[in-house]
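Pasting a predicted model and its sequence here:
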Amino acid sequence: MAVIVVSGTGTEIGKTVTTAAVAAVARAAGRSVAVLKPAQTGVGPHEAGDAHEVARLAGEGITTRELARYPEPLAPDVAARRAGLAQIHPQEVADAAAKLATEHDLVLVEGAGGLLVRLDDAGGTLADAARLLGAPVLMVVSAGLGSLNTTALTAEALRARGVRQLGPLVGSWPEAPDLASRCNLADLPKDAGTPLVGAIPAGAGSLDVAEFRAAAAGWLAPGLGGTWDGAAFAEREAPAALVR
């Protein structure tokens, strides 16, 4: 896969740390990596954005690019309108990712918020960019209560657009998961229609960068270049007696 679109079921659920983990594993395997952030919101002109954070965690040699930056933490279309700045359109995202893919082994496109957050006044979304690219979507999901509905809705939106998904990945697995989180390990694949492809521990983004890079492969399934064993993880975190 030359391009992977990283989206999710909402905001603040671990998309940036997930992107960094995938990038770190790819870099460790000797692949060249680019990270594209179509619309960075809620960050000032001289502040570090999500793409910078991915590069900090994942290691040297990663190309980063933003297409637009808006100061207020809002949906990209609204943030652009309020700031009096140009909006980003799905075709621009697809063109930029395709160009980066000619120069890199892997391009990671990290969206803002959920899959159908609007980029422009025409209703363009990250899902539209993925469709134009023919690229699969890695769906980052939350662990606990409420995740099943948003996962099912996101998966349905992808299917309706003919966009392939790589599978759901839990972006922040709690150290002490509650009952809903443990039960969701069995139910998330049903709602997504594909197996889980990873689970990143809560607080991973605060790890020392060397520790982050060394541990990243253990959070991702083999399809993402890692060693994470979903069956073993579920057996350990959600014993049958608990979720029956």
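Cool, the structure landed.

quick one, phi psi at residue 109?
Dihedral angles phi and psi of residue 109 (degrees, to the nearest 10) take the values phi -110, psi 110.

same question, residue 14
phi 110, psi 20.

what's the answer for residue 172, then?
Reported as degrees, to the nearest 10, the phi and psi values for residue 172 are phi -160, psi 90.

That one is in contact with residue 14, isn't it?
Yes - using CB atoms under 8 Å, residue 172 makes contact with residue 14 at a distance of 4.5 Å. For the C-beta atoms, the positions are set from N, CA and C on the backbone; glycine is no exception.

which residues do the two both contact?
residue 200 (CB atoms under 8 Å, 6 or more residues apart in numbering).

Among those two, which residue is more densely surrounded?
residue 14 (26 against 21; other CB atoms under 10 Å).

And that one, how far from residue 96?
Going from residue 14 to residue 96 by CB to CB, to the nearest Å gives 24 Å.

what does residue 15 give?
Plainly put, residue 15 is 18 Å away from residue 96 if you go by CB to CB.

Neighbour count for these two, which is higher?
Neighbours were counted for residue 15 and for residue 96 using other CB under 10 Å; residue 15 has more, 26 against 20.

How about the contacts made by that one?
Counting by CB under 8 Å, 6+ apart, residue 15 touches 6-8, 50, 110-111, 140, 171.

State the number of residues packed around the nearest residue to residue 234 once chain neighbours are set aside.
Of all residues not flanking residue 234 in the chain, residue 185 sits nearest, at 4.6 Å (CB to CB, 6 or more residues apart in numbering). Neighbourhood size, residue 185 [other CB under 10 Å]: 22.

go on, residue 11?
Look at residue 11: counted by other CB under 10 Å, it has 15 neighbours.

In terms of helices and strands, where is it?
Here residue 11 sits in a region with no helix or strand, counting by DSSP states H and E.

Need the nearest residue in space to it, chain neighbours excluded.
Nearest non-adjacent residue to residue 11 (CB to CB, 6+ apart): residue 113, at 4.5 Å.
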